[in-house]
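# kindly return the folded structure for what I paste below:
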Amino acid sequence: MTFKICAIGELIVEFLAKEQNQRFDQTGKFIGPFPGGSPAVFADQVAKLGFSVIFFSCVGKDLFGRMCINRLKKDGVIIDGITSHSKANTGSAFVSYKNSSERDFIFNIPNSACGLLSFNHINENLLQDCNHLHVMGSSLYSFRAIDAMRKALDIIKSKGGTISFDPNLRKEMFDIQEMEQSFDYIMEYTDIFLPSENEVSYFAHSIGESEQQTMQTLLKKGIKHIVVKKGANGASYYGLNEQNKFTMIHVDGLKMHSVDPTGAGDCFDATFVSLMLAGYPVKDALIYANASGALAVSKKGSMEGASTLIELEKVLSRSACHI
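Next comes the predicted model:
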């Protein structure tokens, strides 16, 4: 099946703490810059798999912005939707690690070039052949950005296209009121929902509800496919079969030494969504997505762990997972 994916949101540089438990209020060493931003990593991973993807964002007219654009272009992302601004600098994130999976962030996104992304930056002509939009919760950081996302969503949905949504909740961004308000709107149009395990309770109908109960409620509301990402413990798929009966598929995770978990969920999303759109069976798409997430944590820098289909097949051939 021929398809083209659109992703919208933050394209930033990341600086990573060299030492674990390195505090932001004390002098320490950081490495970087690395190109990053959840939707940018998603787009890069789609392109590395050999599928067509266009990315919309704003960067500054600075060396950070140039580095980010050049990286996406080199990996095959269509960069025509990226605007370089002279009014603001490229966004940034500083990352500190508590352990192999827990991190703290300091983001400069709403006040950076990313914060200028708006309705007018979404060129309808560039969306003519797009039939899927991927939305990251972290990209809903202002009314302007939400308007841009809605414009793309309306265009793609009006043509019979599909939407995937990763809430990508970050405690550092909870004080952005617009973000939370936009979730309900996005969920109404979502076809593929991709929360992490610790985000499930946020979407529960009542306190104490099980993961399965929450998934059943969301499926009844019209979402077609749900994948709960569980890191090293794999992933669980929830959906309705042809007889409209509830179905669940679980795939175990791959064991991989974790160097940097940042970007792993984005790579997982990109691989699962791309392969589903390409016609892969759900279980196979899950297996590849797990491998994609596992490879992503093995390298420093959220975009550095993006992998090709051949690289994923090599990892899977060495594991107990068979396609």
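
# what segments of this protein are strands?
For the chain, the strands defined by DSSP state E cover 4-8, 12-17, 30-36, 52-60, 78-85, 91-97, 103-108, 132-136, 162-166, 192-193, 225-229, 235-240, 246-251.

# tabulate those strands (a markdown table), appending mean neighbour count and mean pLDDT.
Where you see a C-beta, it was placed from the backbone N, CA and C, and this is true even at glycine. Converted to a markdown table, those look like this (neighbours: other Cβ atoms under 10 Å; pLDDT from 0 to 100):
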| stretch | mean neighbour count | mean pLDDT |
| --- | --- | --- |
| strand 4-8 | 27 | 98 |
| strand 12-17 | 23 | 95 |
| strand 30-36 | 21 | 95 |
| strand 52-60 | 26 | 98 |
| strand 78-85 | 18 | 96 |
| strand 91-97 | 22 | 92 |
| strand 103-108 | 17 | 88 |
| strand 132-136 | 26 | 97 |
| strand 162-166 | 24 | 97 |
| strand 192-193 | 22 | 97 |
| strand 225-229 | 24 | 96 |
| strand 235-240 | 20 | 93 |
| strand 246-251 | 15 | 92 |
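
# out of those, nearest to Ser182?
Smallest distance to Ser182 across these (Cβ to Cβ): 9.2 Å, for strand 132-136.

# quick one: strands adjacent to that closest one?
Sheet partners assigned to strand 132-136 using DSSP bridges are listed as strand 4-8 (parallel), strand 162-166 (parallel).

# so can I have JSON lines of the strands of the chain showing distance to Glu304?
Converted to JSON lines, the strands of the chain look like this (distance: least, Cβ to Cβ, whole Å):
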{"stretch": "strand 4-8", "distance to Glu304": "18"}
{"stretch": "strand 12-17", "distance to Glu304": "10"}
{"stretch": "strand 30-36", "distance to Glu304": "7"}
{"stretch": "strand 52-60", "distance to Glu304": "18"}
{"stretch": "strand 78-85", "distance to Glu304": "19"}
{"stretch": "strand 91-97", "distance to Glu304": "13"}
{"stretch": "strand 103-108", "distance to Glu304": "16"}
{"stretch": "strand 132-136", "distance to Glu304": "19"}
{"stretch": "strand 162-166", "distance to Glu304": "20"}
{"stretch": "strand 192-193", "distance to Glu304": "25"}
{"stretch": "strand 225-229", "distance to Glu304": "20"}
{"stretch": "strand 235-240", "distance to Glu304": "22"}
{"stretch": "strand 246-251", "distance to Glu304": "24"}
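
# related to what we said a few turns ago, now distance to Cys58 too, for the strands paired with strand 132-136, in TSV please.
Shown next, in TSV, are these (distance: least, Cβ to Cβ, whole Å):
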stretch	distance to Cys58
strand 4-8	10
strand 162-166	21
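
# distance of the closest residue to Lys221 other than its chain neighbours from Lys229?
If the residues on either side of it in the chain are set aside, Lys221 comes closest to Met187, at 7.5 Å by Cβ to Cβ, 6 or more residues apart in numbering. Counting by Cβ to Cβ, to the nearest Å, the separation of Met187 from Lys229 is 17 Å.

# rewinding a little: His225: which of the strands paired with strand 132-136 is closest?
The nearest among the strands paired with strand 132-136, by Cβ to Cβ, is strand 162-166 at 8.5 Å.

# chain center to that closest one, what's the gap?
Centre-to-centre, strand 162-166 and its host chain are 10 Å apart (Cα atoms, centre = their mean, to the nearest Å).

# quick one, it and strand 225-229 angle?
Interaxial angle, strand 162-166 versus strand 225-229 (axes from the mean of the first three to the mean of the last three Cα atoms, to 10 degrees): 20 degrees.

# low-confidence regions, the protein specifically.
1, 99-101, 170-180, 320-323 (pLDDT under 70).

# how many neighbours does Val259 have?
For Val259, the count of nearby residues is 16 (other Cβ atoms under 10 Å).

# nearest the geometric middle of the protein, what residue?
Asp266 (3.5 Å; Cα atoms, centre = their mean).

# phi, psi of Asn131?
Dihedral pair for Asn131: phi -130, psi 10, per degrees, to the nearest 10.
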